[in-house]
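Asker: got a sequence here, can you build the structure:
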Amino acid sequence: MKFQPAVSFPVFIDGKPATALVLEKSDHPVQIIFQVAFSNGFMDEFMLEDDGNVYGSGIAAIPYAKAIRFDIGYLAILDPGRFYYNFPETIDGLKTNVWVIEGDAENGEPVYKVYYFEFFRFALQRQQEHWRLFQPSREGKTPDGRLVEKISYLLDSLLKESR
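Answerer: Okay, here's the model as predicted:
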């Protein structure tokens, strides 16, 4: 499946900021392969193995595979025809990309799932005029209220623009 437009997200390659642009996803029985271009001109195919490891096609791809390893798995579940958004954030003193990906609740209503540091963290669902925490983290941790509020405002703004 080609991503049109390409799905982009910020990365650091050997400590230098860059942008990864995921152009295409191919499913294979044991792994998923992504064609990824970077803002510095490097391009390669990266394999996402079932165990979550990411590999490029050679030694030159190692720093790039490391740069995308925490984000590329989200694209395996991403439906580019639905709402998604990512943004950089510092959480617990570490820089990460936060991904907000639209999905469906059991009743068919849209729910917005939040991921960062490789894992699902929580989901938000719109109820009348407010966003409510729909599904907390499986680890049982309460999400950071500041981040929940920030994502709620982002969703209000971005979903209004897309209508």
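Asker: buried set for stretch 95-111?
Answerer: 96, 97, 98, 99, 100, 101, 102, 111 (16 or more other C-beta atoms under 10 Å). Glycine gets a C-beta too; all of them are placed from N, C-alpha and C.
Asker: helices or strands next to the least confident helix or strand in the chain by mean pLDDT in the packing?
Answerer: Least confident helix or strand of the chain, by mean pLDDT, DSSP states H and E, is strand 130-135 with a mean of 84. Here strand 130-135 is seen to pack against strand 110-116, strand 119-127, helix 145-162 when contacts are counted using 3 or more C-beta pairs under 8 Å, 6 or more residues apart in numbering; DSSP states H and E.
Asker: any stretches of this structure with poor pLDDT?
Answerer: Applying pLDDT under 70 to the chain flags residues 136-140, 161-163.
Asker: can you list the domain ranges for it.
Answerer: The chain breaks down by automatic domain parsing into domains covering 2-72, 84-162.
Asker: nearest to residue 78, out of these?
Answerer: For these, distance to residue 78 was read as C-beta to C-beta. The smallest value, 5.7 Å, belongs to domain 84-162.
Asker: how distant is that closest one from the center of its chain?
Answerer: In terms of C-alpha atoms, centre = their mean, to the nearest Å, the centre of domain 84-162 is found 11 Å from the chain centre.
Asker: that older thread, for the least confident helix or strand of the chain, which strands pair with it and how are they oriented?
Answerer: strand 119-127 (antiparallel) (DSSP bridges).
Asker: now the partner strand against helix 145-162, angle please.
Answerer: For strand 119-127 against helix 145-162, the angle between stretch directions is 60 degrees (axes from the mean of the first three to the mean of the last three C-alpha atoms, to 10 degrees).
Asker: most distant residue from the middle of this protein?
Answerer: In the chain, counting by C-alpha atoms, centre = their mean, residue 128 sits farthest out from the average C-alpha position, at 26.8 Å.
Asker: returning to that earlier point: make JSON lines from the buried residues of stretch 95-111 and add distance to residue 14 to it.
Answerer: Below are the buried residues of stretch 95-111 laid out as JSON lines (distance: C-beta to C-beta, whole Å):
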{"residue": "96", "distance to residue 14": "18"}
{"residue": "97", "distance to residue 14": "18"}
{"residue": "98", "distance to residue 14": "23"}
{"residue": "99", "distance to residue 14": "23"}
{"residue": "100", "distance to residue 14": "28"}
{"residue": "101", "distance to residue 14": "28"}
{"residue": "102", "distance to residue 14": "34"}
{"residue": "111", "distance to residue 14": "37"}
